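> mind folding the following:
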Amino acid sequence: MSTAIALHAPIEAASRAARSAPAADAARADAMEATLRALVDAVPTATLLFDADQQVRYANPAARVLARLCAPDKADRPLAVVGDWHPELLNSGALHLCSMHGSWSGEVILGVGRGQHKILLLHLSRVGADLFGMTVRDITQDSMRESELHARNAELEVAYAKLQGAQEQVMQSEKLASIGQLAAGVAHEINNPIGYVNSNLSTLQRYISQLFSAIQSYEAALAGGAGATEAESIRRKLDLDFLVGDVPQLLSESREGIDRVCKIVRDLKDFARKERSEDWIKADIHRGLDSTLNIIWNELKYKAQIVKTFGELPPVECLPSELNQVFMNVLMNAGQAIRDQGIITVTTSVAGERVRVDIGDDGEGIPPDVLPRVFDPFFTTKPVGSGTGLGLAISYGIVSKHHGTIEVSSTPGQGTLLRIELPIAQPR
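Alright, predicted model coming up:
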C-alpha cells in the first residue's frame, strides 16, 4: 500500500503541473501584451493598427494627438476608420503595395485648413493576414528647416562665388602691381639688347654701303678690262676681308639680342596671364623658376649672386603662372632682405610624391616675434608705400590651392629659408 501511494504522488504532481502550464503561459502572454501596449502608448510617434477595410483596431495617444492636428476644427470626431484622421492620409495604392511587398513608406502633404498644410512621413507594415500597422511622423518642421537650409546653402554658394571672384581680382591686381614695380628694371633689361641691336644695324648699314660700292667698282673695272691687280686694290681699299668676318658676328649678336627681348616679353606674358581654374597642366617647375628669375634679374643682379641647385624633377600638375607669382614674391623678398651683397639659393628636389623648392638668402633674417605673422594679409615690415603686405599671403593661398605647404624658418642676422612643397599630381 505504501508503494502505491509513493507512485501516485509524483503522478498527481505532474498532472497538476500539466493542468497549470496553459494558465501560466496565458498569464505571461497577457503580461507581455500589456508591456508592449504600454511601450507603444508611450512612444511619441503616432501608431495605428487596422484591418483591410481600414477599421482601426488600436491607436496610441500620439495618434489621437495627430488627429487633432489634422483637423483642429473637428477635435471631438469619432476615430473609427483611418479616414477619420484625414480623408487623404492613406490611399488605396499605398495599402495595395504594402499588401504585395510587406511594407511601404512615403510622404503625404495634407491640407489642414486656414491655408496651412502638414507634411507627414508614413510607414506601413503588414502584420497579419488582414492586419496592418502604420506609424505617422509629422515632418513639417523638418521639411521647413531643410528648405531653409537649402536656401542658406544657395546664398552661401553665391557668396563664395563672389568671394572667389574677389580673391582672383586681388591676386591679379597684386600680380600686375608686381610687374609695375619691376617695370623700370624690365625696361632696362629690354633696352640693353635693343641698344646693341640698334648699334649693330647701324654698322651693318655702313657695311652694306661699302659692299654696294665694291660691287659698283668691280663692275666698272670689269667694263674697262681691268685685271687682277686693280681688283685686289679695290678689295683692300674697301676692307672686304674684315666685312666678311664681322658681318656674321654682328648678325649673331643681333639675333641673340632679339631672342633676349622675346624671352623677356614671353616670360612677362606668361606671368601676367590670367588662368582659368581648369587650366591645370603638367608643367616644368625649373622653367617657371628660370622664367621668374629672368623677369626680376635686374632687381637682383646688383646685390645678389643666384646659386641654383636643380634636382631631377618630374612635371608637376599645377597652374604655372600662379606658381610663378609665388616664386616672384619669395625671390623679391629674398633680394630685399639683403642690404649690400649676398647670396640667394634656389634648390629643388623630390620628396616622395611631392617636389620641394627651397629659396634661401643670407640677409637680415626675420625676428622671432614677427615670424608667425609673415603670411597674414596686409602684414608688412617694409616702409609705407614699399609693400602691400599681400605677397606672402597670396603665395600661401596659391600653395594651399595646389594642396601644398609653404613654411619659413629664419635666424636674425643669418638669413631666411622658405620651403615650398607641392604634390606631383593633384588629389582626385
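
> flag the shaky bits of the stretch 151-300 of the chain, pLDDT-wise.
Filtered on pLDDT under 70, the stretch 151-300 of the chain yields the residue ranges 167, 170-189, 196, 218-219, 221-232, 234-235, 237-240, 267-278.

> any chance you could map the strands in it?
Secondary structure of the stretch 151-300 of the chain (DSSP state E, counting those that start in this stretch): strands located at 281-283.

> same deal with the stretch 1-150 of the chain?
46-51, 56-59, 103-113, 116-126, 131-138.

> the third one pairs with which strands, parallel or anti?
Spelled out, it's strand 103-113. Looking at strand 103-113 with DSSP bridges, its partner strands are strand 116-126 (antiparallel).

> in the partner strand, which residues are buried?
Residues 118-124, 126 are the ones in strand 116-126 that count as buried (16 or more other C-beta atoms under 10 Å). No exception for glycine: its C-beta is placed from N, CA and C like everyone else's.

> what angle separates that strand from strand 46-51?
Angle of strand 116-126 versus strand 46-51, following axes from the mean of the first three to the mean of the last three C-alpha atoms, to 10 degrees, is 50 degrees.

> how big is the angle separating strand 116-126 from strand 131-138?
Strand 116-126 runs at 150 degrees relative to strand 131-138, counting by the same axes, to 10 degrees.

> end-to-end on stretch 69-85?
Stretch 69-85 has an end-to-end distance of 9 Å (C-alpha to C-alpha, to the nearest Å).

> follow-up on the earlier one: from the buried residues of strand 116-126, which is closest to L211?
Nearest to L211 among the buried residues of strand 116-126, counting by C-beta to C-beta, is I119 at 95.7 Å.

> surely E322 touches I398?
Yes. Look at E322 against I398 with C-beta atoms under 8 Å: they come within range, at 4.8 Å.

> any idea how far T35 is from E312?
From T35 across to E312, the span is 76 Å (C-beta to C-beta, to the nearest Å).

> what does A159 give?
44 Å.

> check V40 too.
73 Å.

> could you do A42 as well?
In this view, A42 and E312 are 72 Å apart by C-beta to C-beta.

> how is the protein partitioned into domains?
1-41, 43-138, 276-428 (automatic domain parsing).

> tabulate those domains (TSV), appending distance to V265.
Converted to TSV, the domains of the chain look like this (distance: least, C-beta to C-beta, whole Å):
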stretch	distance to V265
domain 1-41	82
domain 43-138	65
domain 276-428	10
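
> can you tell me which of those is nearest to Y207?
Of all the domains of the chain, it is domain 276-428 that lies closest to Y207, at 32.0 Å by C-beta to C-beta.

> how about the helices of this structure, start to end?
Using DSSP state H, the helices assigned to the chain run over residues 2-42, 61-70, 92-101, 140-223, 228-237, 240-272, 285-300, 320-337, 391-401.

> buried ones in the third one, by neighbour count?
The one in question is helix 92-101. Quick answer for helix 92-101 (16+ other C-beta under 10 Å): 94-95, 98.

> looking at those residues, which is nearest D51?
Nearest to D51 among those is L95, at 10.8 Å by C-beta to C-beta.

> the closest one touches L131, doesn't it?
No. If you go by C-beta under 8 Å, L95 and L131 don't touch, sitting 11.9 Å apart.

> about what we covered before: per-stretch mean pLDDT over the strands of the stretch 1-150 of the chain, give me the minimum one.
Among the strands of the stretch 1-150 of the chain, strand 103-113 carries the lowest mean pLDDT, a mean of 84.

> got a list of contacts for that strand?
69-73, 86, 88-89, 94-95, 97-98, 117-126, 139 (C-beta atoms under 8 Å, 6 or more residues apart in numbering).

> what is the burial count for the residue nearest to K282 when sequence neighbours are not counted?
Counting by C-beta to C-beta, 6 or more residues apart in numbering, K282 lies nearest to P315, which is 3.8 Å off, once chain neighbours are set aside. For P315, the neighbour count with other C-beta atoms under 10 Å is 14.

> now do R287
Residues lying near R287 (other C-beta under 10 Å) number 14.

> how close does it sit to S202?
Distance from R287 to S202, by C-beta to C-beta: 35 Å.

> minimum distance to I306: which of the helices of the chain has it?
Closest to I306 of those, according to C-beta to C-beta: helix 285-300, at 6.5 Å.
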